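Novice: what's the 3D shape of this:
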Amino acid sequence: MLAWILATQAVLADRPPEVGLTVQPLLAVDLQHETDNEDTIESWTWIHARAKHRTAQGEWFFGAHAAHNVRHGVDTESIWHVDLGETGAAGTVGAVHGRIGNLIERWGKLDLTPVVDVLNPRDLRAGPLGTVEALRVPIPMATLQARGRAMRLEVTYAPFPQPDKIQTIGSDYSAIRPGMLDGAIAEVATWEGESAALLTNQLAQLGSLVAATAPSTVRTLSDGLANLERPEETGLNGNAGVRMELEGRGVDAAVMAANLRSAMPESTLSPTLQSAIASQQLPALAQLDGLLVDAPLAASWPRTWLVGAEASTVLGPIGFRGETAWWSNRVVQQPWFSSSTTPATAAGIGLDWAHGTTVLVSAEARWTRLLDPPEALALIGEDTVDLGATLRVADPTEAVSLLAAAMWSATFDEWLARPEIQWRVSDPIQLSLGAILIGGPQPPPSTLFDSLRYTGGPLTLASENDAVFASIRWIH
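Specialist: Prediction:
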């Protein structure tokens, strides 16, 4: 059907298509070497190609994304990621407007502390080095909008929902950082226990094998863990949502509801494996059968109902934005790489102030409340408060500007700052120089066993990744 729509739009075309290309290489250098296995130099090159053709009946659009990542530390890794960008067709018949294809559909008004922006998965592989354009991942989706005078009703269906793109093993921004896995296996080989005589040599050999494994194999393992026990993509396991927006004098508000599959799995580490790690003793011979029968990590992808609302308005020079939501079954992380589900609610607010086009100040805050939390939590608290702020100051010609973004978790007392100076050399070329600064009250986990027991916040996990970076952005 999509091919037919594109062909029809091309026949009806009355103007040439708009095409564009953006290329942005970024080089980051970690000036402090806290661990022997960390990556000291990392580069990302993002490439976005786009085309759009407006017709008498609507438009078709095409996008392609590519990212090249190089990480240099103990070894050098070079990875290509190529994905389809926003691609599809849109058209209007009477009061109904439709879009179909590989789409991004954003709900909500907040940027740093979003609450209801839940329709598209996130690409978190670059950590704080990532660009805004690469954050949301387009997925197959269809939307229909019916418009009235002051109301718009929108129905969305995504037949093949995807999990967030996170590298679990081998990156400085992953839970299991470089060197942790083979170091843990080598340590396990020294443990005592009833099965030590049987397992010690095999574990030592396994540790040597893992240490010599190619990084590409480790990344394949990471991708497998990220998609463990994912439901089949039949189109019957999709995400569906409905949103009603009301536009009044100076006020824009909306309510929405959705049934979604979690972008993170609910996982459980094998009890036998967890017991052995906690005691640092190899299991008894009678427990070895349990290790073979039970999966080391069991996973499922639960569904949840979401009900939310958003609104924005302007009072004098100040812009106000707000969001709130309730989940019937939200996945939350726990120690031991496990997770559980709980009903949850969240609310966020944002304030903006601008002075012409040269000064923009924005502040946001979000409170998340878990209504029936498990006893132990990781990366989130029963009550979690996050604050964010952005600042942009430019000279009158807007050739040089200072950008600064910051996040602070009041719950975990951890923070991240990203100051950046941008210089627009010409219309298509922009140069940037900046830094990533991360801090918290405790050091990040240094071994796999520390990561398994971790109960802190998400920023502390990456607090050894302070870096300076330089970037060039070319737009055609």
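Novice: mind telling me what element the residue lying farthest from the centre of the chain is part of?
Specialist: Going by C-alpha atoms, centre = their mean, the residue of the chain most distant from its centre is residue 197, 44.0 Å out. Residue 197 is located in helix 196-211, with elements delineated by DSSP states H and E.
Novice: so what does that helix touch, helix or strand wise?
Specialist: helix 180-188, strand 281-282 (3 or more C-beta pairs under 8 Å, 6 or more residues apart in numbering; DSSP states H and E). For the C-beta atoms, the positions are set from N, CA and C on the backbone; glycine is no exception.
Novice: rerun at 6 Å
Specialist: Contacts defined by 3 or more C-beta pairs under 6 Å, 6 or more residues apart in numbering; DSSP states H and E place helix 196-211 against helix 180-188.
Novice: please identify the pairing partners of the next helix or strand after the helix it packs on and their relative orientation?
Specialist: Where DSSP H and E defines the elements, the next helix or strand beyond helix 180-188 is strand 192-193. Take DSSP bridges as the rule and strand 192-193 pairs in its sheet with strand 281-282 (parallel).
Novice: flag the shaky bits of the protein, pLDDT-wise.
Specialist: Residue ranges of the chain with pLDDT under 70: 1-14, 288-294.
Novice: so what touches the helix or strand following the helix holding residue 197?
Specialist: Next along the chain after helix 196-211, taking DSSP H and E as the criterion, comes helix 215-226. For helix 215-226, contacts defined as C-beta atoms under 6 Å, 6 or more residues apart in numbering pick out 77, 167-170.
Novice: same thing but at 8 Å, please
Specialist: For helix 215-226, contacts defined as C-beta atoms under 8 Å, 6 or more residues apart in numbering pick out 75, 77, 79, 163, 165-170, 174, 181, 297.
Novice: got those as CSV, with neighbour count, distance to residue 374 and secondary structure columns?
Specialist: Listed next are the contacts of helix 215-226 as CSV, based on neighbours: other C-beta atoms under 10 Å; distance: C-beta to C-beta, whole Å; DSSP: H, G, I helix; E, B strand; the rest coil:
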residue, neighbour count, distance to residue 374, secondary structure
75, 11, 38, coil
77, 19, 36, strand
79, 16, 35, strand
163, 18, 21, coil
165, 18, 26, strand
166, 20, 21, coil
167, 23, 26, coil
168, 18, 21, coil
169, 22, 25, strand
170, 24, 28, coil
174, 20, 23, coil
181, 19, 26, helix
297, 17, 17, strand
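Novice: which one of the residues you listed is nearest residue 303?
Specialist: Of all the contacts of helix 215-226, residue 163 has the smallest distance to residue 303: 13.6 Å, by C-beta to C-beta.
Novice: what sits against that closest one?
Specialist: Counting by C-beta under 8 Å, 6+ apart, residue 163 touches 121, 226-227, 230, 263-265, 301.
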